[in-house]
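*Asks:* no sequence on this one, just coordinates:
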């Protein structure tokens, strides 16, 4: 398995509180991604990073921010959690070769906002 | 915007039969089409992929076909086994973003 660690694996938080999810990789891959998985919606891209301090929005970025201060770490922050952000969050990494390469996924973080 | 449609959402087959999952993408710049299998409680894992310069690729019981003109690609699983039961995702990538379909839950009935 690719060296990707997500933490925490499970979290329950209250509406309105800030939450940070962490993705750590040991593969030195350039690209990192945060996806959320919801029934009927598949995997939707929240934010991605193409290098240290270089990030961009995905299709469902509202209510989320990210930071990447080191190659190996990509943080996803919910500034003020809402019930609609209850989901399973996956981090993925890739080395981003031009012809397309495999994205490797972490084990996921199950977040419940009550 | 970029979009990938995937059908069917659920698929039940008898063990030993074949299963086919179809996807359509919208971005003409897409040139890489991976398929992922997700088992319960785990992250998706790549099972096969195809690039735009290839029309078909096979790996044992699984195969993928690509029709760039129609922007269609499909996953074929032959001689299905109970361990093939999982959720399958298709994806399309043009640069370094991966846009996923909504997933197909495959059930192989013994």
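*Replies:* Received, thanks. Remember, predicted model here, so these are calculated numbers, not experimental data.
*Asks:* tell me what residue B:32 is bridged to.
*Replies:* residue B:51, residue B:93 (DSSP bridges).
*Asks:* spell out which parts of chain A neighbour chain B.
*Replies:* Residues of chain A lying close to chain B by Cβ under 8 Å from any Cβ of the partner chain are A:31, A:33, A:35, A:40-45, A:48, A:50, A:58-59, A:90, A:92, A:94, A:96, A:98-108. Where you see a C-beta, it was placed from the backbone N, CA and C, and this is true even at glycine.
*Asks:* buried members of those residues into ChimeraX, please.
*Replies:* To isolate the buried members of these in ChimeraX, using 16 or more other Cβ atoms under 10 Å in any protein chain shown:
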select /A:31,33,35,42,43,44,45,48,50,58,90,92,94,96,100,101,102,103,104,105,106,108
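*Asks:* just the endpoints, please. Distance across stretch A:74-92?
*Replies:* 10 Å (Cα to Cα, to the nearest Å).
*Asks:* and stretch A:68-82, by the same measure?
*Replies:* OK, stretch A:68-82 end separation, Cα to Cα: 24 Å.
*Asks:* out of the residues of chain A next to chain B, which are inside strands?
*Replies:* A:31, A:33, A:35, A:42-45, A:48, A:50, A:90, A:92, A:94, A:104-105 (DSSP state E).
*Asks:* so where is chain A shaky, pLDDT-wise?
*Replies:* Counting by pLDDT under 70, chain A shows low-confidence ranges at A:1-2, A:97-99.
*Asks:* could you rerun that using 80?
*Replies:* Residue ranges of chain A with pLDDT under 80: A:1-2, A:96-100.
*Asks:* now swap in chain B and tell me
*Replies:* Ranges of chain B meeting pLDDT under 80: B:1, B:95.
*Asks:* in it, which residue sits nearest chain A?
*Replies:* residue B:32 (2.3 Å; Cβ to the nearest Cβ).
*Asks:* skipping its backbone neighbours, what lies nearest residue 73 in space?
*Replies:* Defaulting to chain A. Excluding its sequence neighbours, the residue lying closest to residue A:73 (Cβ to Cβ, 6 or more residues apart in numbering or on different chains) is residue A:24, at 5.5 Å.
*Asks:* meant chain B actually
*Replies:* residue B:66 (4.5 Å).
*Asks:* show me which positions of the host helix or strand of that neighbour end up buried.
*Replies:* Following DSSP states H and E, one finds residue B:66 within strand B:62-67. The neighbour-count check on strand B:62-67 (16+ other Cβ under 10 Å) flags B:62-66 as buried.
*Asks:* who does that strand pair up with?
*Replies:* Strand B:62-67 has these strand partners (DSSP bridges): strand B:56-59 (antiparallel), strand B:72-77 (antiparallel).
*Asks:* give me the buried positions along the longest one.
*Replies:* Of the residues in strand B:72-77, those buried under the neighbour-count criterion (16+ other Cβ under 10 Å) are B:73-77.
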